[in-house]
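Q: Okay, here's the prediction I keep looking at, along with the sequence it came from:
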Amino acid sequence: MNTTYVLPRTIVTKIVGVSYEGRQQVVSLLRVGETVFLVRDDNNIYDRNAIRVIRGDQSQLGYVNRDLAARLSPILDQTEGVLRATVAALTGGYDPFSLRGALIRFDLPE
């Protein structure tokens, strides 16, 4: 069966991998409305479609989930490998044992 996936024009998704490599500290600095960037991670040995989520200072927040990255990577490859996104919501961090996270929103290029 041949399945075609159509992505919506505006995508809202959570950032994954925020608990690794000191990223909780970077996530704690985020603010709703802040601009972040989706950048292809061509050197990722675990996922050839990996897309990093970074702040303007180049600090890494995490990744776009694997399934979405597989659909977005060809689009990013046609747009020089970068898309601008906005922090839509912050999650967690309610107590010392709660991980922080974030939802991002971005539009696909036309």
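A: Nice, I can see it. Residues are numbered from 1 along each chain as shown.
Q: C-alpha from now on. contacts and neighbour counts both.
A: Will do.
Q: quick one: the strands in the protein?
A: Taking DSSP state E, the strands of the chain run over residues 10-14, 35-40, 51-54, 60-63, 82-92, 100-107.
Q: Go through the protein and flag its longest helix.
A: Across the chain, the helix with the greatest residue count (assigned by DSSP state H) is helix 66-78.
Q: So which elements touch that helix?
A: Applying 3 or more Cα pairs under 8 Å, 6 or more residues apart in numbering; DSSP states H and E, one finds that helix 66-78 makes contact with strand 35-40.
Q: Please compute how far the strand it packs on lies from its chain's middle.
A: Distance of strand 35-40 from the chain centroid (Cα atoms, centre = their mean, to the nearest Å) equals 7 Å.
Q: What are the buried residues along the longest helix of the chain?
A: By neighbour count, with 16 or more other Cα atoms under 10 Å as the criterion, the buried positions of helix 66-78 are A69, A70, L72, S73, I75, L76.
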